[in-house]
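Colleague: For reference, the sequence and a predicted model appear below.
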Amino acid sequence: DAGVIQSPRHEVTEMGQEVTLRCKPISGHNSLFWYRQTMMRGLELLIYFNNNVPIDDSGMPEDRFSAKMPNASFSTLKIQPSEPRDSAVYFCASSTPGLPGGYTFGSGTRLTVV
Amino acid sequence: QKEVEQDPGPLSVPEGAIVSLNCTYSNSAFQYFMWYRQYSRKGPELLMYTYSSGNKEDGRFTAQVDKSSKYISLFIRDSQPSDSATYLCAMRINDMRFGAGTRLTVKP
């Protein structure tokens, strides 16, 4: 089991550019979550999907953020246009109803917007 | 008021000490209570989880949940330098809500 795979591991981009973060959940997990982690705000839930359908996107900070899950094995989080305040570590996690106790997290994408 | 409150520390203890980490919460609907450990530049990993009130023990780790007080704890016995990490409490109804995390350093 390769775990939750995120790419890229690091991304440095200029303000105003489009950024796309990618996630491959664990096979068989039907829920996928995008989190953002900063020193100031900790881990914040941005959006989550059940069976590829977005369930709650109330944590998405603004319209510049969008997320898709076109199939059970792939999800993207896009920021367009990016701003310096978007700099953070973005985590993807997946889970299954058979794992009520917790999620499996990826290693994260460290985003720096300059 | 945040749904989940956790003292961010930092907390520094000598090797072999007993460590106590705590969180409080406001939403009585939470049913699953978790502790995650996060090493530097890594994603959080599930350490322990409990359902409803009570204690759960796993090796050197003990998790306690007191739903009447809306208070959860994680105890680490015989702490080791390898336990140095950030510990996040988390609670779940449908999705997961995390505490801010407590940074723990165990000094040899």
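Modeller: Received the coordinates, thanks.
Colleague: From now on I want contacts and neighbour counts done on CA atoms only, so please keep to that.
Modeller: Fine.
Colleague: Which residue lies closest in space to residue B:11, excluding its sequence neighbours?
Modeller: Using Cα to Cα, 6 or more residues apart in numbering or on different chains and skipping the chain neighbours, the partner closest in space to residue B:11 is residue B:104 (4.8 Å).
Colleague: if I've got this straight, that neighbour is in a strand?
Modeller: Yes - according to DSSP: H, G, I helix; E, B strand; the rest coil, the state of residue B:104 is that of a strand.
Colleague: Return the residues in contact with residue 4.
Modeller: Since no chain was named, I'll use chain A. A:23-26, A:92-94, A:104-107 (Cα atoms under 8 Å, 6 or more residues apart in numbering or on different chains).
Colleague: Actually, chain B is the one I wanted.
Modeller: Contacts of residue B:4 (Cα under 8 Å, 6+ apart): B:23-26, B:90, B:97-99.
Colleague: I'd like to know how far the closest residue to it other than its chain neighbours sits from residue B:71.
Modeller: Take residue B:4 and drop its neighbours on the chain: the residue closest to it by Cα to Cα, 6+ apart is residue B:25, 4.4 Å away. Distance, residue B:25 to residue B:71, using Cα to Cα, to the nearest Å: 7 Å.
Colleague: what's the answer for residue B:95, then?
Modeller: In terms of Cα to Cα, residue B:95 sits 19 Å off from residue B:71.
Colleague: What of residue B:92?
Modeller: Taking Cα to Cα, one finds residue B:92 at 14 Å from residue B:71.
Colleague: Residue A:41 now?
Modeller: Taking Cα to Cα, one finds residue A:41 at 21 Å from residue B:71.
Colleague: which residues does residue 55 contact?
Modeller: No chain was given, so I picked chain A. Contacts of residue A:55 (Cα under 8 Å, 6+ apart): A:47-49.
Colleague: meant chain B actually
Modeller: Residue B:55 neighbours (Cα under 8 Å, 6+ apart): B:62-65.
Colleague: Let me know the secondary structure of it.
Modeller: The three-state label given to residue B:55 by three-state DSSP is strand.
Colleague: Would you map the strands across chain A?
Modeller: A:5-7, A:10-13, A:19-24, A:31-38, A:42-50, A:53-56, A:65-71, A:74-79, A:88-95, A:104-105, A:109-113 (DSSP state E).
Colleague: For residue B:84, find the nearest of those.
Modeller: For residue B:84, the closest of the strands of chain A is strand A:42-50, at 18.3 Å, according to Cα to Cα.
Colleague: Check which strands are paired with the closest one and give the direction for each one.
Modeller: strand A:31-38 (antiparallel), strand A:53-56 (antiparallel) (DSSP bridges).
Colleague: what's the most buried one of the ones you listed?
Modeller: Using mean count of other Cα atoms under 10 Å in any protein chain shown, the stretch among those with the largest mean neighbour count is strand A:31-38, at a mean of 22.
Colleague: Next up, phi/psi of the residue of chain A found nearest chain B, please.
Modeller: Closest residue of chain A to chain B, Cα to the nearest Cα: residue A:107 (4.6 Å). For residue A:107, the backbone dihedrals are phi -80, psi -10 (criterion: degrees, to the nearest 10).
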